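Chemist: Fold the following, please.
(2 chains)
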Amino acid sequence: MAAEKHKAENTTAGAKDELAQASARPAAQAAQRASASEGDGGRLTLENVSARYGTFRAVKDVTLAVRPKSVTALIGPSGCGKSTLIRTINRMHETLPGATVSGSIALDGVDLYSSDVDPVRARRVVGMVFQKPNPFPTMSISENVSSGLRLTGGASKSEIAGIVEDSLRRAALWDEVKDKLNQPGTSLSGGQQQRLCIARTIAVKPRVVLMDEPCSALDPVATLKIEELIRDLAAEYTIVIVTHNMQQASRVSDETAFFSMDDDRAGYLVETGPTAEMFTNPKQALTEGYIQGRFG
Amino acid sequence: MSMPEASIAKLLTQPTSGERARQRTNRVMRVLVGVAAFLAILPLVALILFVLLKAVPFLVPSFFFNNPLDQEPGILNAIVGSLQLSGLTVLISGPIGIAGGVYLSEFASPRVVAIGETAIDVMLGVPSIVAGVVAYLILVPVLGFSGWAAVAALSILTLPIMMRSTQEVLRLVPQAIREASLALGVPVWKTALYVSVRTALPGILTGVILAFSRALGETAPLLMTARGTNAENWLDFSTTMNAMPIVIYQYSNAASDLLIGQAWATALILMVIALTINVLVRGRTVNSRTA
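Modeler: Here you go, the predicted structure:
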């Protein structure tokens, strides 16, 4: 029951509402969610986004639209700012000393960088899966999944068990761990740990899930599982994935954005389009060269 | 075709004169270093044996369970006093030191960290007699010779230890774990408390135990503050207290074989406690690494 409820909330509540109500109480939140319109949520619009580390500009003037409930892959050679860009979307970039962002990133029309959006709240709406699986070492499997809810006060105790099961099912991990939920999260294999991290991310009900090379530390079998999972998740979440693996981009993504690096080492967006088109008939010679393996 | 193989065999098996010289140097150095290591351990072993031999005849029940003025004198009040002084020291300086370490590791800007670390280095370098003299000249005139003055002096010494150890173990918590928490929308202070500190907790507690051990062995500040007493004192920090280092210092000057023997015996007990704590801490650290 709890699992179904979780799902229902997930699809009805709009990211707009979630961001706008800065300090609403849980009851009021639920009411607002119930009245929110169906199918609203998850369109990302990046406009002239630049990201700097101190004075060094790592990302330059990126303008990119990401369709709701689709998978967008960011590809390009090493050092072209893909990871930096993805970390600006959930406002993680600014947590590093000296790191700044300019331009605007809007989720369903709400600028994530406007002064009345708390970065902590933005991160609840825009979840993130990291390159290396990073489960909390002191927590069990089930505590890892519920960590976000417990630490943000996003769910009552009675709801948590249901949400844990539901999140693990969505992350295609439930059958493998249902008998050992109290064992440490770090006891799982690398691929399972990464799915655990995905479960942990979707447990807090984000609208957007960012993935920063989620398979680069995994073997091919585990990679395949994560890729299938990404396709499944795209039914409910807007997914932006950074990948070095072009086959992976062609397998999992609907849209592909190709990045390159300028002479001043700043990353910029070369072109973007439907994945099939990008891989068969790119407009730019640079994209074609990269995709055919001539550089990068 | 067989020529190169033959020369490879020669190359591998026949040492040149330079290599022979290197092997000789190797042997000589190994012996020298071995002798140095033996010389370093010798005084330690001698010290332990000496203390053991001198102390064992005096380790009778009355030594542990009687007070100095009893028919058969003992050092119960000093054991009780040492544990109370060190315990309260850790209770007072522990929370402050841990909070300071957490602040430096999780919240402070790089500039504040640099200032804070310098301050810790300076505090770590404060000789215990200096802490004692400050307590003696500033606190004793107000509070009198007392447990409070002793705890204040000891806290000055243990505070930087706890700050440093907390900061060091928090530094070992991978940044990826903090990012995982922040990316879930967990506020910074909750990430610091429930993720960073929680992960580093065994190491932080180890620091507390080491600080306790340090406080237990301090002598100079106690002589100038708690001063020692023959009475048993339970939790009255406003008056003089006895402590094991004070007993060792005072009894070793005594004109009585019994008291000199008890000084040895007290020294043995302090050593055993310190050793036990070290072994416990080592066990903890090994456990938390393998877990």
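
Chemist: Whichever residue of the stretch 51-200 of chain B sits closest to chain A in helix, strand or coil?
Modeler: The shortest separation between the stretch 51-200 of chain B and chain A is 3.1 Å, found at B:G185 (distances taken as Cβ to the nearest Cβ). (Glycine included, C-beta is placed from N, CA and C.) Under DSSP: H, G, I helix; E, B strand; the rest coil, B:G185 falls in the coil class.

Chemist: residues contacting it?
Modeler: The neighbourhood of B:G185, defined by Cβ atoms under 8 Å, 6 or more residues apart in numbering or on different chains, consists of A:V120, A:R121, A:A122, A:R123, A:R124, A:V125, A:G148, A:T152, A:V204.

Chemist: Out of those residues, which are close to chain B?
Modeler: Judged by Cβ under 8 Å from any Cβ of the partner chain, the overlap between these and the neighbourhood of chain B comprises A:V120, A:R121, A:A122, A:R123, A:R124, A:V125, A:G148, A:T152, A:V204.

Chemist: Quick check: beta-bridge partners of residue 241?
Modeler: I went with chain A, as the question did not name one. Listed by DSSP bridges, the beta-bridge partners for A:I241 are A:A73, A:M211.

Chemist: that answer is for a different chain, and I need it for chain B
Modeler: With DSSP bridges applied, the residues forming beta bridges to B:M241 are B:R227.

Chemist: Any figure for the gap between it and B:N230?
Modeler: If you measure B:M241 against B:N230 using Cβ to Cβ, to the nearest Å, the figure is 11 Å.

Chemist: what's the residue closest to the geometric middle of chain A?
Modeler: Geometric centre of chain A, nearest residue: A:L210, 1.6 Å, by Cα atoms, centre = their mean.

Chemist: tell me the contacts of it?
Modeler: Contacts of A:L210 (Cβ under 8 Å, 6+ apart): A:I86, A:R87, A:I89, A:N90, A:V126, A:G127, A:M128, A:V129, A:I239, A:V240, A:I241.

Chemist: redo that, cut-off 6 Å
Modeler: Applying Cβ atoms under 6 Å, 6 or more residues apart in numbering or on different chains, we find A:L210 in contact with A:I86, A:I89, A:N90, A:M128, A:V240.

Chemist: Check A:E213 too.
Modeler: Going by Cβ under 6 Å, 6+ apart, A:E213 touches A:Q131, A:V242, A:T243.

Chemist: What is the nearest of these to A:N281?
Modeler: A:N281 lies nearest to A:T243 out of these, by Cβ to Cβ, at 20.5 Å.

Chemist: Once you drop chain neighbours, what's closest to the residue nearest to the centre of chain A?
Modeler: A:M128 (4.5 Å; Cβ to Cβ, 6 or more residues apart in numbering or on different chains).

Chemist: Dump the C-alpha coordinates for the helix or strand containing that neighbour into CSV.
Modeler: Under DSSP states H and E, the secondary-structure element containing A:M128 is strand A:126-129. Included here for strand A:126-129 are C-alpha records, laid out as CSV according to Å, rounded to 0.1, in the frame of the first residue of the first chain:
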residue,chain,number,x,y,z
VAL,A,126,17.3,17.0,-8.5
GLY,A,127,19.0,13.8,-7.3
MET,A,128,22.4,12.6,-8.2
VAL,A,129,24.2,9.2,-8.7
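
Chemist: quick one on the thing from earlier: of the contacts of A:E213, just the buried ones, ChimeraX syntax please.
Modeler: Isolation of the buried members of the contacts of A:E213 (16 or more other Cβ atoms under 10 Å in any protein chain shown) is achieved in ChimeraX through the command below:
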select /A:131,242,243
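
Chemist: and which of the contacts of A:E213 is nearest B:N278?
Modeler: Closest to B:N278 out of these is A:Q131 (39.8 Å), distances taken as Cβ to Cβ.

Chemist: for the nearest residue to the closest one once chain neighbours are set aside, phi and psi?
Modeler: Setting aside the residues directly before and after it, A:Q131 is nearest to A:E213 in space (Cβ to Cβ, 6+ apart), at 4.5 Å. With angles defined as degrees, to the nearest 10, A:E213 shows backbone torsions of phi 50, psi 60.

Chemist: Look up how far A:P133 lies from A:E213.
Modeler: Spatial separation of A:E213 from A:P133 under the definition Cβ to Cβ is 12 Å.

Chemist: What of B:V281?
Modeler: B:V281 sits at a distance of 31 Å from A:P133 (criterion: Cβ to Cβ).

Chemist: One more: A:S253?
Modeler: With the distance defined as Cβ to Cβ, A:S253 ends up 21 Å from A:P133.

Chemist: can you check B:Q23 too?
Modeler: According to Cβ to Cβ, B:Q23 stands 48 Å off from A:P133.

Chemist: Neighbour count: these two, which is higher?
Modeler: When B:Q23 and A:P133 are compared on other Cβ atoms under 10 Å in any protein chain shown, the one with more neighbours turns out to be A:P133, at 25 against 11.

Chemist: So the more buried one is in contact with A:C197, correct?
Modeler: Yes: contact criterion Cβ atoms under 6 Å: A:P133 and A:C197 qualify, at 5.4 Å.

Chemist: Can you show me the helices along the chain?
Modeler: Using chain A here. A:2-12, A:15-20, A:26-35, A:82-89, A:119-125, A:141-152, A:157-170, A:174-177, A:190-203, A:220-233, A:246-252, A:275-280, A:285-291 (DSSP state H).

Chemist: that's the other chain; I wanted chain B
Modeler: Assigned helices in chain B, in chain order: B:2-13, B:17-55, B:61-65, B:76-102, B:110-124, B:128-134, B:140-143, B:147-171, B:175-183, B:188-190, B:198-217, B:220-225, B:244-251, B:257-290 (criterion: DSSP H).

Chemist: Give me the neighbour count for residue 114.
Modeler: Let's take chain A. For A:S114, the count of nearby residues is 10 (other Cβ under 10 Å).

Chemist: was after chain B, sorry
Modeler: 12.

Chemist: do B:V133 as well
Modeler: Using other Cβ under 10 Å, B:V133 is surrounded by 15 other residues.

Chemist: next one: A:S187
Modeler: Neighbour count of A:S187, defined by other Cβ under 10 Å: 13.

Chemist: would you list the contacts of A:E213 in JSON lines and tack on distance to A:G185?
Modeler: Rendered in JSON lines, the data for those read as follows (distance: Cβ to Cβ, whole Å):
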{"residue": "A:Q131", "distance to A:G185": "17"}
{"residue": "A:V242", "distance to A:G185": "24"}
{"residue": "A:T243", "distance to A:G185": "24"}
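
Chemist: so can I have a markdown table of the contacts of A:E213 showing pLDDT?
Modeler: A markdown table is the format used below for the contacts of A:E213 (pLDDT from 0 to 100):
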| residue | pLDDT |
| --- | --- |
| A:Q131 | 94 |
| A:V242 | 97 |
| A:T243 | 94 |
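
Chemist: Pick out whichever of the contacts of A:E213 sits closest to chain B.
Modeler: Nearest member of those to chain B, counting by Cβ to the nearest Cβ, is A:Q131, at 8.7 Å.

Chemist: Show me which residues of stretch B:260-279 are buried.
Modeler: In stretch B:260-279, residues buried by neighbour count (16+ other Cβ under 10 Å) are B:260-271, B:273, B:277.

Chemist: model confidence over that stretch, on average?
Modeler: Looking at stretch B:260-279 alone, the average pLDDT works out to 93.

Chemist: So what does A:P137 look like in phi/psi?
Modeler: The phi and psi values for A:P137, taken as degrees, to the nearest 10, are phi -70, psi -20.

Chemist: Grab the nearest non-local neighbour of it.
Modeler: A:T186 (5.3 Å).
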